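Q: Quick one: sequence and predicted model below, then my questions.
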Amino acid sequence: MSHAVSPTSTGRSSTSDGVFSLGYTRTIPGLLIMAQMVALLVTFLCVRCTQGWPSWAAFQFFEVVASWFLVVLLIFFLMHLCRLQAKMPCINWPLTEFFHYSVGTVLICIASVVAAAKSGGVSALVVASVFGFITSFLMAVSLWTSYSVSCGPHHSGAVV
């Protein structure tokens, strides 16, 4: 059973009773995932359209990481829009998203640091690394929100 935030739990009624749950786009997780997709798209396009990379291997890694997580974010976004996680209860979706955000935050941050160090003053690559840092920050925020959903509340006091 999915523990994701639904649009009806925020007090709003769903904008569509059909196939799509457009109310998800107005929730905080929905806005975060859309911002991550836009930032990763800008990152990918900046790296892809640049000619004369100073360090070919570093930017190939950056391009692969950005494109991979862009595709996975698009899949998660479409799953939430179509409410597919409720139709596939055999997968623990909050834990899957938590794992995705934890790996994505680390890999995109590493790729952004390497890209910033090896950009060689090429402005498109500097922009790509800045948007990579923005994406890793947004993914860390999503990691925090998915952690609180998948792991539940934590008690700070010990009972003796």
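A: Looks like it arrived, so ask away. Numbering: from 1, shown residues only.

Q: what's around residue 28, how many residues?
A: Neighbour count for residue 28, taken as other CB atoms under 10 Å: 12. All C-beta spots, glycine's among them, are computed from the backbone N, C-alpha and C.

Q: My guess is it contacts residue 146. True?
A: No. Residue 28 is beyond contact range of residue 146, at 11.3 Å (criterion: CB atoms under 8 Å).

Q: By mean pLDDT, point me to the weakest helix or strand of this protein.
A: helix 84-87 (a mean of 83; mean pLDDT, DSSP states H and E).

Q: Show me what the very next helix or strand once past that one packs onto, helices and strands only.
A: Sequence-wise, the next helix or strand downstream of helix 84-87 (DSSP states H and E) is helix 93-118. Packing contacts for helix 93-118, counted by 3 or more CB pairs under 8 Å, 6 or more residues apart in numbering; DSSP states H and E, involve helix 56-82, helix 123-151.

Q: Mind checking the pLDDT average for stretch 104-112?
A: Computed over stretch 104-112, the mean pLDDT rounds to 94.

Q: Which positions within that stretch qualify as buried?
A: For stretch 104-112, the neighbour count (16 or more other CB atoms under 10 Å) marks 104, 105, 107, 108, 109, 111, 112 as buried.

Q: wait, isn't the fourth one in contact with residue 66?
A: Yes. Using CB under 8 Å, residue 108 and residue 66 qualify as a contacting pair, with a distance of 7.3 Å.

Q: Residues in contact with both of these two, list them for me.
A: Here residue 108 and residue 66 share the contacting residues 40, 132, 135, scored by CB atoms under 8 Å, 6 or more residues apart in numbering.

Q: now, among those residues, which is nearest to residue 46?
A: Nearest to residue 46, judged by CB to CB, of the shared contacts of residue 108 and residue 66 is residue 132 at 9.3 Å.

Q: which ones are touching that closest one?
A: Contacts of residue 132 by CB under 8 Å, 6+ apart are 39, 43, 62, 66, 108, 109, 111, 112, 115.

Q: Residue 135 too?
A: 36, 39, 40, 43, 66, 69, 108, 112.
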